[in-house]
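J.: Sequence plus the predicted model coming up.
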Amino acid sequence: QVQLVESGGGLVQAGGSLRLSCAASGRTFSSYTMGWFRQAPGKEREFVAAISWSGGSTYYADSVKGRSTISRDNAKNMVYLQMNSLKPEDTAVYYCAAIREVVAGLLTFPREYDYWGQGTQVTVSS
């Protein structure tokens, strides 16, 4: 069992930066691949980024590639998403998620993830 709590969202101007954090509880955190998703009003939840259990592999959606960095600290049970050069279209609720068994090609699908946080709002003004 893994509980996830996101923080770090807020209101930022276009071009600004935010660092989202996800605090995880549970002794098996380091065995999970972790992901960030986002959901804007009226839209489906979409993949943003993911990081393997060791931190050795990272994956990004094209929409954030080059502007965002996912990282983790297994000693602290934390996952981070650093977002730079934010755009108004990045406005959404951002969710942290954990997946135990990764199936190749399905990492970007929300239904594959086992645990979810409650989300943190990111609003980017133009």
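T.: Yep, that arrived. Model, not experiment: these values are computed from the prediction.

J.: isn't Gln82 right up against Thr69?
T.: Yes: if you go by Cβ atoms under 8 Å, Gln82 and Thr69 touch, sitting 4.5 Å apart. Yep, even glycine has a C-beta here, placed from its N, CA and C like the rest.

J.: and the residue positioned nearest the centre of the chain, what element?
T.: In the chain, the centroid-proximal residue (Cα atoms, centre = their mean) is Trp36; its distance is 1.8 Å. Assigned by DSSP states H and E, Trp36 falls within strand 33-39.

J.: So which residues lie in contact with the very next helix or strand once past that strand, not counting its own?
T.: Toward the C-terminal end, the helix or strand that comes next after strand 33-39 (DSSP H and E) is strand 46-51. Identification of contacts with strand 46-51 by Cβ atoms under 8 Å, 6 or more residues apart in numbering yields 33-39, 57-61, 63-64, 68, 70-72, 79, 81, 94, 107-110.

J.: just the CA coordinates of stretch 72-90, formatted as CSV?
T.: The C-alpha trace of stretch 72-90 is given here as CSV (Å, rounded to 0.1, in the frame of the first residue of the first chain):
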residue,chain,number,x,y,z
ARG,A,72,13.1,11.0,-7.1
ASP,A,73,14.8,10.5,-3.7
ASN,A,74,14.1,7.0,-2.5
ALA,A,75,15.7,7.7,0.9
LYS,A,76,13.1,10.4,1.5
ASN,A,77,10.2,8.7,-0.3
MET,A,78,9.8,11.8,-2.6
VAL,A,79,9.2,12.4,-6.2
TYR,A,80,9.6,15.8,-7.9
LEU,A,81,8.6,17.5,-11.1
GLN,A,82,10.5,20.6,-11.9
MET,A,83,8.6,22.6,-14.6
ASN,A,84,10.2,25.5,-16.4
SER,A,85,9.0,27.9,-19.1
LEU,A,86,5.5,27.3,-18.1
LYS,A,87,2.7,28.0,-20.6
PRO,A,88,-1.0,28.7,-20.0
GLU,A,89,-1.8,25.3,-21.6
ASP,A,90,0.1,23.7,-18.6
